[in-house]
Every structure is written in C-alpha cells, then in structure tokens.
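Student: Below: sequence and its predicted model.
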Amino acid sequence: MSERHEDEIRELLHAFQLVGARVVLFLPSFHVEGLITRIGENFVTLRRGNGEGVEVESNANGGDLENPNQISVKISSILSVSDDQGE
C-alpha cells in the first residue's frame, strides 16, 4: 500500500475521531466497526461505545467473527474507511 493511501486513511480516521462517529474499517478479509480511541503511528484503536460493542465481521458473508471491547488495526492494512449507518 502506498504511503499516500496511508496518509489519506489517517486523515479520514482523524476526521471521524474529531466528530466522535462510529466508523467501519475495511480490511482484506473482514471489517471492523467501532469508535476511534487512539490513532498511533502504525495502528488505530477502536472501542465499544454508544451501548454497542466493537463488531468484527467477515467480508465474505457479513457474519460476526467476534465482538471484543477494543481492537487495534494496522493502518497499512486498511483498504477503506466509512461511517457506520448501523446496518
């Protein structure tokens, strides 16, 4: 993944963190939904919030893989970022 792509992902992550919105991070085989608590140099951490847990779902079938209290994701692994519309 190019450094420019990572910079664009970081900008989106900071924007979502600023407004406190739940986000969806799409990775190659799964996606993660939650609130951003920390954006580090290489990782972003999501936690549960608004009465909802962090959701980790398969991209293949949308099935739940797990629901941890928090998860850290390597920024270079993120393909795209979206808002969570609760679907």
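Tutor: Everything's here; your move. Residues are numbered from 1 along each chain as shown.
Student: Name the spans of the chain whose pLDDT lies under the cut-off.
Tutor: The chain contains residues with pLDDT under 70 at 1, 49-53, 66, 68, 85-87.
Student: Regarding it, what is its longest strand?
Tutor: Across the chain, the longest stretch assigned as strand under DSSP state E is strand 30-39.
Student: who's in contact with residue 70?
Tutor: 34, 37, 45-48, 54 (CB atoms under 8 Å, 6 or more residues apart in numbering). Any C-beta I mention is one placed from the backbone N, CA and C, and that applies to glycine too.
Student: ok, what's across the strand from it?
Tutor: residue 47 (DSSP bridges).
Student: Helix, strand or coil: sort out the most centrally placed residue in the chain for me.
Tutor: Closest residue to the average C-alpha location of the chain: residue 25 at 3.3 Å, with CA atoms, centre = their mean. Three-state call for residue 25 (DSSP: H, G, I helix; E, B strand; the rest coil): strand.
Student: For it, which non-adjacent residue is closest in space?
Tutor: Closest residue to residue 25 apart from its sequence neighbours, by CB to CB, 6 or more residues apart in numbering: residue 32 at 4.8 Å.
Student: Each with direction, which strands does the longest strand of the chain pair with?
Tutor: Neighbouring strands of strand 30-39 in its sheet, by DSSP bridges, are strand 23-26 (antiparallel), strand 43-47 (antiparallel), strand 55-58 (antiparallel).
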